[in-house]
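>>> pasting the structure only:
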């Protein structure tokens, strides 16, 4: 089973936001995707705490908003203008992935060998 709890508080979101800031500083159009409106608000606040973007923009939206704007989830690219720039970078926060694809993440590790911390004979 994918163990979300053991990965909590490890700095994944902060590192992702730092990467968003770095990419924006290099001139990329950056969009960060959170799970829902509350999560997107938290991400915006964290971005504000990390740095002054000095005129560079990092967009933050929810997964539902990304769907409305034709995000191709397999390619992590927006397909239509103005979002469909070849200069775009899309970063998805782990909470949005874990919330939307929890069962897929469990399946990812379901058949790992016992020596790697998983026992597939106990799969549900």
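Noted; the coordinates are in hand. Since we're looking at a predicted model, the values are computed, not measured.
>>> Which elements pack onto the helix or strand hosting residue 16?
Using DSSP states H and E, the element containing residue 16 is helix 12-25. In this structure, helix 12-25 packs against strand 29-34, helix 37-50, strand 58-62, strand 88-92, helix 94-100, with contacts taken as 3 or more C-beta pairs under 8 Å, 6 or more residues apart in numbering; DSSP states H and E. In short, each C-beta sits where N, CA and C put it, glycine included.
>>> what would the ones you listed look like in JSON lines with mean pLDDT?
Shown next, in JSON lines, are the helices and strands packed on helix 12-25 (pLDDT from 0 to 100):
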{"stretch": "strand 29-34", "mean pLDDT": "94"}
{"stretch": "helix 37-50", "mean pLDDT": "91"}
{"stretch": "strand 58-62", "mean pLDDT": "93"}
{"stretch": "strand 88-92", "mean pLDDT": "94"}
{"stretch": "helix 94-100", "mean pLDDT": "87"}
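>>> Point out the most buried one among the ones you listed.
Highest mean neighbour count of the helices and strands packed on helix 12-25: strand 29-34, a mean of 24 (counted as mean count of other C-beta atoms under 10 Å).
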